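Peer 1: just to be clear, the model below is a prediction. Sequence and coordinates:
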Amino acid sequence: MPYYRVITPKNELDFDKRQEIATGFTDVHCGISAAPRNFVHVEFMETDKPGVIDDSHGAGQFSYDTKYYIAGGNRAGRPQEIKDQILNGLIGKFCEVTGISKNDVSGHISEAPAKWTMEGGHVLPDPGEEPPEWYAADTVAASGS
């Protein structure tokens with residue numbers, strides 16, 4: 001659960017750029033929220049023009065008029081300044097990787113209660129309430145085992 005959709009023009013980002021963005025988004029989100037790395041999901045969507053995207057949490061639709069858009073969905077419960085820090089970090093990382101101006105990127109993060117989402121067959125805890133076993137997969141991934 002965080003779920004980030006990166007909306008770009010068609011054929012704009014190659015595999016390596018997408019990989020770098022996905023890793024960067026994971027670094028940003030986990031560096032700010034302390035969520036386990038295996039929680040983070042990034043999807044790349046291509047379109048011909050700016051427009052409207054459905055909210056991932058059922059809150060309607062969001063219009064955007066920038067060439068690039070980051071639509072995020074996270075667990076509810078974080079202070080607004082943390083949510084702003086995450087979104088600004090994601091936009092900054094996207095611009096760093098791609099060389100695109102921040103003026104051409106916008107986004108939003110919507111929220112839903114943690115109990116609405118499952119990860120690995122378990123209902124998610126509220127932010128900051130993750131038990132130590134949630135981080136076991138991160139330890140294995142980091143060690144290369």
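Peer 2: Yes, it's here.

Peer 1: what are the boundaries of the helices in this structure?
Peer 2: 15-33, 80-98, 136-143 (DSSP state H).

Peer 1: quick one: closest of these to residue 9.
Peer 2: Between residue 9 and the helices of the chain, the tightest spacing by Cβ to Cβ is seen for helix 80-98, at 11.4 Å. Every residue, glycine included, has its C-beta placed from N, CA and C.

Peer 1: from the contact counts, what lies against the closest one?
Peer 2: On a contact count with 3 or more Cβ pairs under 8 Å, 6 or more residues apart in numbering; DSSP states H and E, helix 80-98 meets helix 15-33, strand 68-75, strand 105-112.

Peer 1: hmm, back to that, in a markdown table: the helices of the chain, plus distance to residue 46, mean pLDDT and mean neighbour count.
Peer 2: Converted to a markdown table, the helices of the chain look like this (distance: least, Cβ to Cβ, whole Å; pLDDT from 0 to 100; neighbours: other Cβ atoms under 10 Å):
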| stretch | distance to residue 46 | mean pLDDT | mean neighbour count |
| --- | --- | --- | --- |
| helix 15-33 | 11 | 96 | 17 |
| helix 80-98 | 14 | 97 | 17 |
| helix 136-143 | 28 | 53 | 12 |
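
Peer 1: could you dump the ones you listed into TSV and include distance to residue 2?
Peer 2: As requested, the helices of the chain are exported to TSV (distance: least, Cβ to Cβ, whole Å):
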stretch	distance to residue 2
helix 15-33	5
helix 80-98	8
helix 136-143	14
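
Peer 1: re the thing from before, out of the helices and strands packed on helix 80-98, which comes closest to residue 42?
Peer 2: Short answer: helix 15-33, nearest of the helices and strands packed on helix 80-98 by Cβ to Cβ, at 4.2 Å.

Peer 1: which residues touch that closest one?
Peer 2: The list of residues contacting helix 15-33 from outside it, by Cβ atoms under 8 Å, 6 or more residues apart in numbering, reads 2, 4, 6, 13, 35-37, 40, 42, 44, 78, 82, 85-86, 89-90, 92-94, 96-98, 127.
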